[in-house]
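# After the sequence you'll find the predicted model.
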Amino acid sequence: MRSGQRSGPRRVAVIGGTGWVGRHVSEAFERHGHEVLVLARGAAPWTRGLRFRALDLVAAPVRELVETLREEQVDVVVNATDGANARDGWKRTEAEFTAANVDAARRLVEAVATLPGRPRLVHIGTVHEYGPVEAGVLLHEAVEPRPANAYARTKLAGSRAVLDAAREGAVDGVVLRLANACGPHPSPASFPGMLLRLFRDAAAGGEAVVRVTGAQLDFVDVRDAADAVLRAATAADAVGRAVNIGSGVAVPVRTLVAMMVAVTGVPSDAVREDRGPATRLGGDWVRVDNRLAARLLGWRPRFSLEDSLRAMWRAGVTGSRDAPDRGGLPSR
């Protein structure tokens, strides 16, 4: 426990809390008894049970950030914003990615550094910051980042802004680099979101034409990712560290599609492969080494990919706020 930080429920600001990951992070903190403030450009229907304040991290000056966070007396700040998202699109210019992923992160670091009580800053990055690696490589934190596109380069720069400030003692910061997310309420622009839409169409009597490649990727359930953020909010030994969060399994995309067929009950003849080129933010092989997360955060993935797809389908079909997940996130 850091000096000045209270030991009971915390006041948590989730910036970008209306996004896919941010939503689950907000709900995880609330479920564990913390007071959650969602900060985003606009409210979402599901935020009605949480406190919300409008704030655009990309546009907000440092003074506005400081005033907002100081007024709310936050103990934890989670940066769940991302330049590649459903609202703004995934095909953006390097300048747009820089504004969202780098400049905003640097202003947030500057703001948090001025706050009393040294609130914990948990910055959500991505394993795409490492860039493509050869098939078979286990992606651990000592791998030298070699980002291959504007999105990955700017995400890496944003993560480094947090890590540099933490190592200099300016902020109490942690970076979590997430693998490809999967699970309930996906962003429509993500591969799971696209898959959900196609399979809903197929279930209604249409056809799902899925672009399948030979890629093998690590998918982490978004609820497991939220649990990692929850743990990083208090993990003393994680300060100044980048920690990879993934399932530790590289799954062929074709296998994932076959799992989706089994989970949904959609007839296999209603699913057709499109073998054209696919646009992704990362390479064709991702398998995360999650041993540091186990050691520093006490975190391990709980949900299998089949669990994740089943919960995504249930939530997508019923429209429920929370898909059944075998009892929710584990207690800490």
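Good, I have the coordinates.

# Assign residue 273 to helix, strand or coil.
Following DSSP: H, G, I helix; E, B strand; the rest coil, the label given to residue 273 is strand.

# Which residues are in contact with the nearest residue to it once chain neighbours are set aside?
Nearest non-adjacent residue to residue 273, counting by Cβ to Cβ, 6 or more residues apart in numbering: residue 212, 4.6 Å away. Every residue, glycine included, has its C-beta placed from N, CA and C. Neighbour list for residue 212: 253-254, 257, 273-275 [criterion: Cβ atoms under 8 Å, 6 or more residues apart in numbering].

# what do you get for residue 154?
Taking Cβ under 8 Å, 6+ apart as the test, what residue 154 contacts is 83, 94, 97-98, 100-102.

# so it is in which element?
Assigned by DSSP states H and E, residue 154 belongs to helix 150-167.

# Could you pull out the buried residues of the helix or strand containing residue 38?
For residue 38, the host element (DSSP H and E) is strand 35-40. By neighbour count on 16 or more other Cβ atoms under 10 Å, the buried set for strand 35-40 is 35-40.

# Over to stretch 264-271?
Buried residues in stretch 264-271 (16+ other Cβ under 10 Å): 264, 266, 270-271.

# Test my guess that residue 266 contacts residue 199.
Yes - at 5.5 Å, residue 266 counts as touching residue 199 under the criterion of Cβ atoms under 8 Å.

# returning to that earlier point: would you quantify the distance from the residue nearest to residue 273 to residue 267?
In this view, residue 212 and residue 267 are 17 Å apart by Cβ to Cβ, to the nearest Å.

# Residue 142 too?
Taken as Cβ to Cβ, the span from residue 142 to residue 267 is 46 Å.

# What ranges does this protein have for its strands?
Taking DSSP state E as the criterion, the chain carries its strands at 11-15, 35-40, 51-54, 76-79, 120-126, 172-178, 180-182, 208-211, 216-217, 219-221, 242-245, 251-252, 271-274.

# Figure out how far the last one is from the centre of its chain.
Taking Cα atoms, centre = their mean, to the nearest Å, one finds the center of strand 271-274 at 28 Å from the center of the full chain.

# who does that strand touch, helix- and strand-wise?
If you count contacts as 3 or more Cβ pairs under 8 Å, 6 or more residues apart in numbering; DSSP states H and E, strand 271-274 packs onto strand 208-211, helix 253-264.

# now the second one
The elements that strand 35-40 packs onto, with contact taken as 3+ Cβ pairs under 8 Å, 6+ apart, are strand 11-15, helix 20-31, strand 51-54.

# Quick check: which of those has the most neighbours on average?
Highest mean neighbour count among the helices and strands packed on strand 35-40 (mean count of other Cβ atoms under 10 Å): strand 11-15, with a mean of 27.

# and the angle for that strand with strand 120-126?
Here strand 11-15 runs at an angle of 30 degrees relative to strand 120-126 (axes from the mean of the first three to the mean of the last three Cα atoms, to 10 degrees).

# partner strands of strand 11-15, parallel or antiparallel?
Using DSSP bridges, strand 11-15 pairs in its sheet with strand 35-40 (parallel), strand 76-79 (parallel).

# With the flanking residues excluded, which residue is spatially nearest to residue 33?
Residue 33 sits nearest to residue 9 (Cβ to Cβ, 6+ apart), 4.9 Å away.

# Now the helix holding residue 154: average pLDDT?
Mean pLDDT, helix 150-167: 97.

# Buried residues in it, which are they?
150-163, 165-166.

# same thing with stretch 62-74?
With the criterion 16+ other Cβ under 10 Å, stretch 62-74 contains buried residues 62, 65-66, 68-69, 72, 74.

# Show me the shaky parts of the chain.
Scanning the chain for pLDDT under 70 picks out 1-8, 85-90, 275-281, 319-332.

# For the residue in it sticking out farthest from the centre, give its distance to residue 208.
Distance to the chain centre peaks in the chain at residue 269, reaching 33.3 Å (criterion: Cα atoms, centre = their mean). When distance is defined by Cβ to Cβ, residue 269 is 11 Å away from residue 208.

# before we move on, what about residue 285?
Counting by Cβ to Cβ - residue 285 and residue 208 are separated by 25 Å.

# which of these two has more neighbours?
residue 208 (23 against 18; other Cβ atoms under 10 Å).

# Kindly state the beta-bridge partners for the more buried one.
So, taking DSSP bridges as the rule, residue 208 has residue 271 as bridge partners.

# Isn't it up against residue 198?
Yes - using Cβ under 8 Å, residue 208 is in contact with residue 198, at 3.9 Å.

# one step back: how much distance is there from the strand holding residue 38 to the middle of the chain?
From the chain centre to the centre of strand 35-40 is a distance of 16 Å (Cα atoms, centre = their mean).

# quick one: it to helix 20-31, angle?
Here strand 35-40 runs at an angle of 160 degrees relative to helix 20-31 (the same axes, to 10 degrees).

# Run through who's touching strand 35-40.
9-19, 22, 26, 29-30, 47, 50-55, 57, 68, 72, 74.

# rerun at 7 Å
Residues outside strand 35-40 that contact it (Cβ atoms under 7 Å, 6 or more residues apart in numbering): 9, 11-18, 26, 29-30, 47, 50-53, 55, 72.
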